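Engineer: Give me the fold of what follows.
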Amino acid sequence: MAELSRRERRRQEKRARQAAKNSRSLSTSEALAIASQFYRKGELSRAADICKNVVKTAPGNFDAQQFLGVLSAELGDTDGAVEAFRTATEVKPDDASSHFNLANALDEADRPSEAGLSYRRALELAPNDTDTLINLGTVQRKLGRIEEAIETFLLAATQNPGLVTAHRNLAMAQEDNGDFDAAIASYEKAISLTPKAAEVHIGLAAALRKHNRIDDALAACERARGLAPDSAPLQNQLGTLFATLGNHDKAVTAFKRAVDCAPDDATMHMDLGIALRAKGDIADAIRRYEHALSLDPALGLAHYSLGNALSEYGKLAEAVESYKRAAQTLPDDAPNYNNMGNALIDLGRKEEAVEALRMSIDADPQHAPAHFNIHSVLFDDDDLDPAIAALKASLDADPNNSKTQFFLAMCEELKGDDDAAIASFDKVPLDANGYNHWLDSWDYALRNLGPKAKVFGTGPETHAHAQAATTVDGLTLEFGVRFGTSIRQIAVRTEDAVHGFDGFEGLPEAWHGNPVGEYSTHGELPEVPENVELHVGWFEETIPPFMALHAGPIRFMNIDCDIYSSTKTILDLLNERIVPGTVIVFDEYFCNPSWRQDEFKAFQEAVAQYGWRYEYLSFCPFARQAVVQLLA
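Structural biologist: Have a look, this model is predicted:
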């Protein structure tokens, strides 16, 4: 019998191969039977070829169209699957399974609205089918129709109270809706039905975390760990919990375990990048985002996160490109356009910045940061109405933002609308000692605004105006280069050599709650134009040998080192080179909580010590900058 069986099997295989070559010579039932043989053997393409020949001669054959739809779907041919299943629904319009299959294919083809219509038609024909209900609810969630999804999942759970997927999907929709109590109850119901399903415990942990029940969330994760210790979603959820607690080391460790468990999951790499960025490891974060995108180039959130990291790393042009790529898959994401606009502001590309910020506002008219940021680009001290309108729109969206309230009052005062300015200033809160650093800064600036002095909305405008005001030949210097954003712009505006000084090791002492080493580039030097020379090291070590090699006065100097001690070192060591006509930009001069103890204090002490006379050329409250020029 064994020998006969092998012979018969070979005969059948030979017949099947012949059928694949000429399936039209067989009856429809014979051809489909042979196609089924190929399907069971995993030879999907051969089976599909037979079905395609069958439907050419018998397009009204329901079984052939259904089978071809299944094969096309499994082969990844979503368009072919949709076409076959749609034809099947036309052949048998009252068959629920064909509408269900068509809906699945449409959903797979990323056509969720059409999929929802087909699921509803399937339910009209088979109203008690819980699989159709669950798939419809899933499509509704995808479309953002959360209330409808909750109703659909509730119906599925009511019709089949023991169906775990109904309760779990209901929980996820309730979580989307912000009803965390209901979501937790639904997860707990699902767990009561299947206590050993790790993924349900992980879902419960997520809902508990969002409800700020962190200890309970950790306990849910521990139960999941006992069921699936190597679960990537579990480790990812633990990483998110540790990040919520501010424990960045543990968060990174957990996310790394998630990546180890699912090395080809782009989202896991992206989440690890987010944790690394929060820890301050920007370079590592960038590498993780880039790896995530190598796995899934369409992962919009990874492009957005990469843009944020590149922006923080000072690679603004690259950040803008990442935000643009993010916009291709996140076309309605207001924060993405807002952050793109910010990067463009810092690059001095005002028109593009306005366009990006307007797109942010179009995506979300209540996105307060975009309204606030666009005011800085629209700011013109000769025409303040556009900036004032933007600030009012920002306050409409975020009425309690004291910073925005201050800028509105400042603009109204500059415009000369004293009544409006007084009313706005009265809304700016004071601390327990009756102090506000914004108000104090502006009072100082206003008292020192000479007839020629300007107020600017952006840093690049401030720098450009300052360089244009220079009157002596001499050295062009920057102290505090970091990622090179400003020195590249300075270098473009001059044909002379530009000298940049930085230790690239971050702050030498704590400042404004920032620890020693904050703003470090971790030893990476920025890319700079050919006319820029970098002098690496602490200022007290690099300035003396530089002076020995370079004669002449200082023409232009940008001081962006933030703290008093470093600013004092610069001014003391260079005092003989600072002459009438020298222009100095202070990048953190005012508008910080301790501004009177930082760059401002160091400069005022140097003025008293060296007998300098000076005038202010401009102020930029938005960028905290002030520009002075030494007088004879």
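Engineer: switch to C-alpha atoms for all contacts and neighbour counts from now on
Structural biologist: Will do.
Engineer: how close does residue 459 get to residue 589?
Structural biologist: Separation of residue 459 from residue 589 (Cα to Cα, to the nearest Å) stands at 13 Å.
Engineer: any common contacting residues for these two?
Structural biologist: Counting by Cα atoms under 8 Å, 6 or more residues apart in numbering, the common neighbours of residue 459 and residue 589 are residue 625.
Engineer: higher neighbour count, the two?
Structural biologist: A count of neighbours by other Cα atoms under 10 Å puts residue 589 above the other of residue 459 and residue 589, at 30 against 24.
Engineer: Am I right that the more buried one falls within a helix?
Structural biologist: No. Read with DSSP: H, G, I helix; E, B strand; the rest coil, residue 589 is coil and lies in no helix.
Engineer: Got the phi and psi for it?
Structural biologist: When read as degrees, to the nearest 10, the backbone of residue 589 gives phi -80, psi -40.
Engineer: repeat for the one 3 residues further on
Structural biologist: Note on residue 592: its backbone torsions stand at phi -100, psi 160 [degrees, to the nearest 10].
Engineer: which residues touch it?
Structural biologist: 437, 438, 624.
Engineer: if you set the cut-off to 7 Å instead, what comes out?
Structural biologist: By Cα atoms under 7 Å, 6 or more residues apart in numbering, the contact set of residue 592 is residue 437.
Engineer: per-residue pLDDT, it?
Structural biologist: On the pLDDT scale, residue 592 is placed at 93.
Engineer: ok, now the one 3 residues further on?
Structural biologist: Reading off the per-residue confidence, residue 595 sits at a pLDDT of 96.
Engineer: same question, residue 520
Structural biologist: Note on residue 520: pLDDT of 75.
Engineer: check contacts around the nearest residue in space to it that is not next to it in sequence.
Structural biologist: Closest residue to residue 520 in three dimensions, ignoring its sequence neighbours and counting by Cα to Cα, 6 or more residues apart in numbering: residue 506, at 3.7 Å. Contacts here follow Cα under 7 Å, 6+ apart; on that basis residue 506 touches 517, 518, 519, 520.
Engineer: I'd guessed the last one sits against residue 505; true?
Structural biologist: Yes. Under the criterion of Cα atoms under 7 Å, residue 520 lies in contact with residue 505, with a separation of 4.5 Å.
Engineer: and the gap between the residue nearest to residue 520 and residue 537?
Structural biologist: For residue 506, the distance to residue 537 (Cα to Cα) stands at 11 Å.
Engineer: And residue 417, by the same measure?
Structural biologist: Residue 417 is 49 Å from residue 537, where distance means Cα to Cα.
Engineer: Could you do residue 105 as well?
Structural biologist: 62 Å.
Engineer: Equivalent analysis for residue 135, please.
Structural biologist: Distance, residue 135 to residue 537, using Cα to Cα: 62 Å.
Engineer: Between those two, which is the more surrounded one?
Structural biologist: A direct count of neighbours by other Cα under 10 Å for residue 135 and residue 537 places residue 135 higher, at 22 against 14.
Engineer: now the residue nearest to the more buried one when sequence neighbours are not counted, what's its secondary structure?
Structural biologist: Among residues not flanking residue 135 along the chain, residue 119 sits closest, at 7.6 Å (Cα to Cα, 6+ apart). Under three-state DSSP, residue 119 falls in the helix class.
Engineer: Give me the distance between residue 119 and residue 469.
Structural biologist: Distance of residue 119 to residue 469, given as Cα to Cα: 69 Å.
Engineer: How about residue 208?
Structural biologist: If you measure residue 208 against residue 469 using Cα to Cα, the figure is 59 Å.
Engineer: Compare those two and say which is more crowded by neighbours.
Structural biologist: For residue 208 and residue 469, the more surrounded residue by other Cα under 10 Å is residue 208, and the numbers stand at 22 against 16.
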